[in-house]
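J.: Quick one, fold the following:
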Amino acid sequence: MLAYERQQRILELLRHQGGVRVGELIAVLTVPHPTVSRDLAALAARGELLRVRGGAVLPDSSNQITSDAAGSRRQVRDALGEVSREVRIARSLLAQGNTEQACAHALLGCSIALTAVLQTHTPPHRRATG
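T.: A predicted model of the protein is given here:
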């Protein structure tokens, strides 16, 4: 079976089931794990599926949480890196004899990005109240 044929079969299974496991694909396609992995990678690169641990799902709105989770982790990691940079700037400003107010003014609005990301991507049941 050619790669194109395997990939079309994978997409058929995804449309029918909504998700597939790598082990299932190995059995159905009768190919080794590396072949399935390459096919999934090719389909994911074209945006035709989303890779998830142990398999793949269609990239539709019902599966959006899967891609949102990965995006959330990236955004939080990036925001934390920005906050770390801001802390270094604040320490430097204080060490140079600036007042806390001057530091706050210099960093005005910087950590808003982290707050926004955390509020956007923290499930409601995990958010602090009051």
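
J.: neighbours around residue 33, how many?
T.: 11 (other C-beta atoms under 10 Å). Glycine gets a C-beta too; all of them are placed from N, C-alpha and C.

J.: pretty sure it is touching residue 27, no?
T.: No. The pair formed by residue 33 and residue 27 falls short of the contact definition of C-beta atoms under 8 Å, at 11.2 Å.

J.: Please enumerate the shared neighbours of these two.
T.: In terms of C-beta atoms under 8 Å, 6 or more residues apart in numbering, residue 33 and residue 27 are not both contacted by any residue.

J.: how much space between residue 32 and residue 22?
T.: 11 Å (C-beta to C-beta, to the nearest Å).

J.: now residue 40
T.: From residue 40 to residue 22 the distance is 8 Å (C-beta to C-beta).

J.: Compare those two (neighbour count), which wins?
T.: residue 40 (22 against 16).

J.: if we look at the helix or strand where the more buried one lies, which residues are touching it?
T.: Here residue 40 sits within helix 33-45, counting by DSSP states H and E. Outside helix 33-45, the residues within contact range by C-beta under 8 Å, 6+ apart are 3, 6-7, 10-11, 22, 25-26, 29, 49-51, 56.

J.: Tabulate these (JSON lines), appending pLDDT and secondary structure.
T.: Output for those, formatted as JSON lines (pLDDT from 0 to 100; DSSP: H, G, I helix; E, B strand; the rest coil):
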{"residue": "3", "pLDDT": "92", "secondary structure": "helix"}
{"residue": "6", "pLDDT": "95", "secondary structure": "helix"}
{"residue": "7", "pLDDT": "95", "secondary structure": "helix"}
{"residue": "10", "pLDDT": "94", "secondary structure": "helix"}
{"residue": "11", "pLDDT": "93", "secondary structure": "helix"}
{"residue": "22", "pLDDT": "92", "secondary structure": "helix"}
{"residue": "25", "pLDDT": "94", "secondary structure": "helix"}
{"residue": "26", "pLDDT": "94", "secondary structure": "helix"}
{"residue": "29", "pLDDT": "94", "secondary structure": "helix"}
{"residue": "49", "pLDDT": "90", "secondary structure": "coil"}
{"residue": "50", "pLDDT": "88", "secondary structure": "strand"}
{"residue": "51", "pLDDT": "89", "secondary structure": "strand"}
{"residue": "56", "pLDDT": "90", "secondary structure": "strand"}
